[in-house]
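# Structural data only, the sequence is not supplied:
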């Protein structure tokens, strides 16, 4: 698909897994994912699972925190206005107090790192504090290196899909938001599995649709809950999605085949 209306709308990275992140004007990407993205995570010292808001009962408080990575140093802003560097000795205690569980920040993905993923649609039905069964998933299997991505190095979603569902991009935690023309249908990303995206000098290969968990429905900072972020794709776009099996999907996972820097406004060409 060659259409000069298809461009990079915005770029985001999330220095600490499951915390709010930051919009950036440019983003270097390679086989490890986006530079500065999901390079840190919290580990629950009781279970050794990586803390993820997928298990909303325990970890939705992470979405009240914002992490940024200026000049290579990660800083975390807590909801009370406190700012702490990730390498500050106080960070673990402050985050443990906020979350009500003992946690530690780590910068290297442990071998066999896992997250809890309760069934997201049951959580919506029964409530976020319900004891809902699900899966223990090993993360990062598709991403070389030490970052804490779930299934693949990069995640993208289109404005067509976001506008149709009626939610903000940050709820889905993409690295790339791709501007598509008004006449493009939602979930056009489904057609990009196996395709190549050319973004300036960068080449990306579409891997699989992105399965949606409960996270997009949760409060994000000042944003209220948005159940339609899961319910709409669950009703309209259920697909086979890697380790999650058949799931509600919105967006697409990518890997980088030619590394480089992506800029906001870069044209995007899709090649089958």
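Ah, there it is. Note that the coordinates shown come from a computational prediction; the quantities given were computed from them, not determined experimentally.
# Can you point out the buried residues in stretch 84-91?
84, 86, 91 (16 or more other CB atoms under 10 Å). Yep, even glycine has a C-beta here, placed from its N, CA and C like the rest.
# and the second one, what does it touch?
What that stands for is residue 86. 15, 16, 40, 67, 73, 74, 75, 76, 105, 107 (CB atoms under 8 Å, 6 or more residues apart in numbering).
# Number of residues surrounding the nearest residue to residue 196 once chain neighbours are set aside?
Leaving aside its chain neighbours, residue 196 sits nearest to residue 271 (4.6 Å; criterion: CB to CB, 6 or more residues apart in numbering). Neighbours of residue 271 under the rule other CB atoms under 10 Å: 11.
# Equivalent analysis for residue 116, please.
Residues near residue 116, counting by other CB under 10 Å: 19.
# Helix or strand: which one has it?
Element membership for residue 116, per DSSP states H and E: strand 114-118.
# If you count contacts, what does that strand end up packed against?
helix 56-59, strand 134-138 (3 or more CB pairs under 8 Å, 6 or more residues apart in numbering; DSSP states H and E).
# Turn those into JSON lines, including distance to residue 120, mean neighbour count and mean pLDDT.
Converted to JSON lines, the helices and strands packed on strand 114-118 look like this (distance: least, CB to CB, whole Å; neighbours: other CB atoms under 10 Å; pLDDT from 0 to 100):
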{"stretch": "helix 56-59", "distance to residue 120": "9", "mean neighbour count": "21", "mean pLDDT": "97"}
{"stretch": "strand 134-138", "distance to residue 120": "8", "mean neighbour count": "15", "mean pLDDT": "92"}
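# For these, please prepare TSV with the additional fields distance to residue 157.
Formatted as TSV, the helices and strands packed on strand 114-118 follow (distance: least, CB to CB, whole Å):
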stretch	distance to residue 157
helix 56-59	21
strand 134-138	21
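# For residue 160, which of those is the nearest?
With distances scored as CB to CB, the stretch of these nearest to residue 160 is helix 56-59 (27.7 Å).
# Kindly write the PyMOL command that selects the buried subset of the contacts of residue 86.
Command for PyMOL that selects the buried part of the contacts of residue 86, burial taken from 16+ other CB under 10 Å:
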select buried, resi 15+16+40+67+74+75+76+105
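# that older thread, for the helices and strands packed on strand 114-118, which one sits closest to residue 223?
Closest among those, once you apply CB to CB, is helix 56-59, at 14.9 Å.
# and the next element down the chain from the closest one?
Downstream of helix 56-59, the first helix or strand assigned by DSSP H and E is strand 66-70.
# which is the next helix or strand following that next one?
Sequence order places strand 73-77 as the next helix or strand after strand 66-70, per DSSP H and E.
# For the stretch 101-250 of the chain, which segments count as strands?
In the stretch 101-250 of the chain, the segments counted as strands under DSSP state E, counting those that start in this stretch are 103-106, 114-118, 134-138, 154-158, 176-179, 196-199, 202-211, 238-240, 246-258.
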